[in-house]
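K.L.:
need a structure here:
(one chain, ligands or ions: 1)
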Amino acid sequence: MYILNRKKAEIKSNERFKKLKIKMKIALLLSVIGISSSSFFLFPFKMQQEIKAQVKKEIQLQKEIEDTLITIVAVGDIMMGTNYPNESYLPPNNLFLLNPMHEFLQQADVTFGNLEGTILNSGGKVKSCSDPSKCYAFRQPEYFVSHLKTAGFDFLSMANNHMGDFGQEGRDNTARILRENGFRFAGLETCPWDTLTVKGVTIGMTAFAPNTACLQITDYTTLQSVVSKLNSFCDIVIVSFHGGAEGSGKTHVTRKTEIFYEENRGNVYEFARIAIDAGADVVLGHGPHVTRAIDSYKGKFIAYSMGNFCTYGRFNLNGVSGMAPLFQLRLTKKGEFVDGRIIATKQLGEGGPVLDETNGALEQIKTLTGTDIPELKVEYGENGRFKFN
Ligand SMILES: [Zn+2]
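P.N.:
Modelled structure (predicted):
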């Protein structure tokens, strides 16, 4: 009986213990749910605040860095269509060929391009051509000026082989309409250089080519005097050249004088060094209609050829001729190169730039720079970013 009672008592206490355990488990579960539910509401809020503060801090830091830097966007040849020999060589329906590139062209303090053709609605003395249907004489209608303006261009080079396609009338009209629309332009004997002030920084630009009425790419005396003059009152000096032999077989920087169709197209390697020795901070080349290597001399940036950026008809856009880089360069306000980014673009059909998802121009620059300027130490980062070591 005693044993039985004891057993009963044990069973009872076991049951009580079990009940207690269950109660404890429920309490534990409830407290866990309580904590989790409170953290479910509290933690994300806290985290959101922290992330927001962090992002704000990063944006502020980025802005402070940006404020100390000047961003230059640079592209090569621009010829958006010609009304000579007739209007069938113009893009249909006033198509804005530069439109796909606006966001990249506009994200800069200064945007530069080579205007590879005169701006003139009609008339002018066309250069002599034996067969007008095969004559590459470029006369861009005046409404293209609004395209350049909307796209964000500031500086345009007029030193090239097509600025004289319609004689002095073509050059004068181009200068007039560019001036009226607030562009800065340079490269002719009549307008050798120009300046622009942005963020309190004065930027000077000059341009050279082997063509009539242009500052001559082989005239180092003029190069030195114009660049020295600009350097005496500008914070940053940009020197542009239209030089070197052209075509898909001319992608290399030879470090020699390049003769093409019996014309001295300059020694672009030497030209860039003389420009920098005289005070240039950035040297921007074009003319070969293909992409060439990049370089650095005394810490300054050189692009030997930026290729066909925005053309319409009349241009060979096959293979490497249809690819071009858009350079985003960051400089200190004193003109020291900080870093850059290469946005690869391509032209399809009759022309007009779009982003090149295969990064053709970037890969070409990597390869050509490795081959032609092997001593240069370039560090390539993500999304086409690069700097020199
Ligand atoms: Zn040209």
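
K.L.:
in CSV, list the C-alpha atoms belonging to the helix or strand encompassing Thr222.
P.N.:
When elements are assigned from DSSP states H and E, Thr222 belongs to helix 220-233. The C-alpha trace of helix 220-233 is given here as CSV (Å, rounded to 0.1, in the frame of the first residue of the first chain):
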residue,chain,number,x,y,z
TYR,A,220,56.4,72.3,-83.1
THR,A,221,57.3,76.0,-82.7
THR,A,222,53.7,77.0,-82.9
LEU,A,223,52.7,74.0,-80.7
GLN,A,224,55.2,75.1,-78.0
SER,A,225,54.2,78.8,-78.2
VAL,A,226,50.4,78.2,-78.1
VAL,A,227,50.6,75.6,-75.3
SER,A,228,53.0,77.8,-73.3
LYS,A,229,50.7,80.8,-73.7
LEU,A,230,47.6,78.7,-72.5
ASN,A,231,49.6,77.2,-69.7
SER,A,232,50.5,80.7,-68.4
PHE,A,233,46.9,81.5,-67.6
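
K.L.:
next helix or strand past that helix?
P.N.:
Later in the chain than helix 220-233, the nearest helix or strand by DSSP H and E is strand 236-242.

K.L.:
and that following strand, what does it pack onto?
P.N.:
strand 110-115, strand 155-157, strand 201-208, helix 220-233, helix 268-277, strand 282-286 (3 or more CB pairs under 8 Å, 6 or more residues apart in numbering; DSSP states H and E). Any C-beta I mention is one placed from the backbone N, CA and C, and that applies to glycine too.

K.L.:
still on that earlier bit, tell me the angle the helix holding Thr222 makes with helix 268-277.
P.N.:
Angle, helix 220-233 to helix 268-277, by axes from the mean of the first three to the mean of the last three CA atoms, to 10 degrees: 40 degrees.

K.L.:
ok, and what's touching helix 220-233?
P.N.:
192-193, 195, 202, 204-206, 208, 215-216, 237, 239, 271, 274-275, 277-280 (CB atoms under 8 Å, 6 or more residues apart in numbering).

K.L.:
may I see the buried residues of that helix?
P.N.:
Of the residues in helix 220-233, 220, 222-223, 226-227, 229-231 count as buried by neighbour count, 16 or more other CB atoms under 10 Å.

K.L.:
can you state the direction angle for it and strand 236-242?
P.N.:
Using the same axes, to 10 degrees: helix 220-233 against strand 236-242 is 150 degrees.

K.L.:
on that earlier part again, name the nearest of the buried residues of helix 220-233 relative to the ion.
P.N.:
Comparing these against the ion with CB to the ion places Leu223 closest, at 19.0 Å.

K.L.:
what ranges do the helices span in this protein?
P.N.:
2-68, 102-106, 144-151, 167-180, 220-233, 268-277, 360-372 (DSSP state H).

K.L.:
still on that earlier bit, check the offset of the helix holding Thr222 from the chain's centre.
P.N.:
Relative to its chain's centre, helix 220-233 lies at 26 Å (CA atoms, centre = their mean, to the nearest Å).

K.L.:
and it, what's its mean pLDDT?
P.N.:
In this model, helix 220-233 has a mean pLDDT of 98.

K.L.:
what do you get for stretch 182-194?
P.N.:
Mean predicted confidence for stretch 182-194 is 98.

K.L.:
point out where the chain drops to low pLDDT.
P.N.:
Residue ranges of the chain with pLDDT under 70: 1-43, 132-133.

K.L.:
show me what from it comes close to the ion.
P.N.:
160-161 (CB under 5 Å from the ion).

K.L.:
8 Å - rerun?
P.N.:
When proximity is defined by CB under 8 Å from the ion, the chain lies next to the ion at 77, 114, 116, 160-162, 209, 242, 246, 286-287, 289.

K.L.:
redo those residues as CSV? Include distance to Phe260 and neighbour count.
P.N.:
Converted to CSV, those look like this (distance: CB to CB, whole Å; neighbours: other CB atoms under 10 Å):
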residue, distance to Phe260, neighbour count
Asp77, 16, 26
Asn114, 17, 31
Glu116, 16, 28
Asn160, 14, 28
Asn161, 10, 21
His162, 15, 25
Ala209, 13, 29
His242, 12, 32
Glu246, 6, 20
His286, 14, 33
Gly287, 9, 33
His289, 11, 24
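
K.L.:
which two among these are spaced furthest apart?
P.N.:
Ala209 and His289 (13.8 Å; CB to CB).

K.L.:
closest to Val126 among the buried residues of helix 220-233?
P.N.:
Thr222 (28.5 Å).

K.L.:
tell me how far the closest one lies from Gly187.
P.N.:
12 Å (CB to CB, to the nearest Å).

K.L.:
test my guess that Ala280 contacts Phe241.
P.N.:
No. Look at Ala280 against Phe241 with CB atoms under 8 Å: they stay out of range, at 10.5 Å.

K.L.:
thank you, goodbye.
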